[in-house]
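[1] sequence and predicted structure below; questions after.
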Amino acid sequence: MGNAKSSAISKEILEDLKLNTKFTENELCQWYENFQKQCPTGRISPEEFETIYARFFPDSEAKTYAQHVFRSFDTNEDGTLDFKEYIIALHMTSSGKTTRKLEWAFSLFDVDKNGYITKTEVEVICQAIFKLIPKEDLPKLPADENTPEKRANKLWGYFEKPDNDRLAEGEFIKGVTENENAMRLIHYEPIAD
C-alpha cells in the first residue's frame, strides 16, 4: 500500500489478539513488523507457513503436520493465512489446555472439515505427529503408543466409540478433558529427559 503508515497493525486486530492470546502488545507489534517483511502481500502461503513451522522442529519432518495446521487455521479457506490467522495459529499450538485449544485440535483432526472426526482421521494426524518426533526419541515411547497406529488406537479408545463411528466436537472435547493421556496424545510434546 505504499507509505509506512499502512504497515502499522490496526487497533482492532491488536485489541482482538491481545484479548484472545497470551501475547503482549509489544510482541504483537514486533511480529507484525517481521510478518510485513517476510510477507509483503500480508498473506502467508502454505509453503511459507511450512518453512516457518519447520524452524520450531529442526530435528523432525514437520511438513505434513504443518499442512494440517495450516488447513485448520485457514478459516476462510482462501488458501492463505492473514496475520490474525497466523498469530492465532502460533498461540494455539504453543499455549495451555484451554477450551479454545481443544476446539482447534478438533479442527486439526477433522481432516475433511465435515464437523466430525473418524478413526481414520485420527490415524492421519497421528502419522503427521509421528514425523515430528525426533528419531532418537522413538525408542523412549511407551510400547502401546510407539507407532502411529498404536497411538491412534489408544487415543480412539478414550472416546469409547466403535471403530466405524464418528465423534462430534463436544464428544471430542469431553473425552480429551477427562483423560490426561488423551490430552497428551492429541499433540506432540517433546520428551523430557
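    Looks like it arrived, so ask away. Residues are numbered from 1 along each chain as shown.
[2] how far does stretch 169-188 stretch from one end to the other?
    For stretch 169-188, the first-to-last residue distance is 20 Å (Cα to Cα, to the nearest Å).
[3] make that stretch 129-136, sorry
    Criterion Cα to Cα; first-to-last residue distance in stretch 129-136 is 15 Å.
[4] show me what the worst-scoring helix or strand of the chain on mean pLDDT is packed up against.
    For the chain, the helix or strand with the lowest mean confidence is helix 83-94, at a mean of 81 (criterion: mean pLDDT, DSSP states H and E). When contacts are defined as 3 or more Cβ pairs under 8 Å, 6 or more residues apart in numbering; DSSP states H and E, helix 83-94 packs onto helix 11-20, helix 25-38, helix 63-73, helix 99-109. Where C-beta positions appear, they are placed from N, C-alpha and C, glycine not excepted.
[5] tell me the most buried of these?
    helix 63-73 (a mean of 20; mean count of other Cβ atoms under 10 Å).
[6] now do that helix: distance to the chain's middle.
    Relative to its chain's centre, helix 63-73 lies at 7 Å (Cα atoms, centre = their mean, to the nearest Å).
[7] okay, and for this protein, where does confidence drop off?
    Under the criterion pLDDT under 70, the flagged ranges of the chain are 1-7, 94-97, 190-193.
[8] what about Phe70, distance to Asn26?
    Distance, Phe70 to Asn26, using Cβ to Cβ, to the nearest Å: 27 Å.
[9] check Trp104 too.
    25 Å.
[10] go on, Pro134?
    From Pro134 across to Asn26, the span is 33 Å (Cβ to Cβ).
[11] same question, Pro148
    Separation of Pro148 from Asn26 (Cβ to Cβ) stands at 40 Å.
[12] again, but for Gly157
    From Gly157 to Asn26 the distance is 44 Å (Cβ to Cβ).
[13] for Phe130, same thing?
    For Phe130, the distance to Asn26 equals 37 Å [Cβ to Cβ].
[14] can you check Arg184 too?
    According to Cβ to Cβ, Arg184 stands 32 Å off from Asn26.
[15] pull the number of nearby residues for Gly175.
    21 (other Cβ atoms under 10 Å).
[16] quick one, phi psi at it?
    phi -60, psi -40 (degrees, to the nearest 10).
[17] list the contacts for it?
    By Cβ atoms under 8 Å, 6 or more residues apart in numbering, the contact list for Gly175 reads Tyr158, Phe159, Glu160, Leu167, Ala182.
[18] Leu132: neighbour count?
    Using other Cβ under 10 Å, Leu132 has 21 neighbouring residues.
[19] isn't it right next to Tyr188, touching?
    Yes - contact criterion Cβ atoms under 8 Å: Leu132 and Tyr188 qualify, at 4.4 Å.
[20] joint contacts of the two?
    Each of Tyr65 lies in contact with both Leu132 and Tyr188 under the rule Cβ under 8 Å, 6+ apart.
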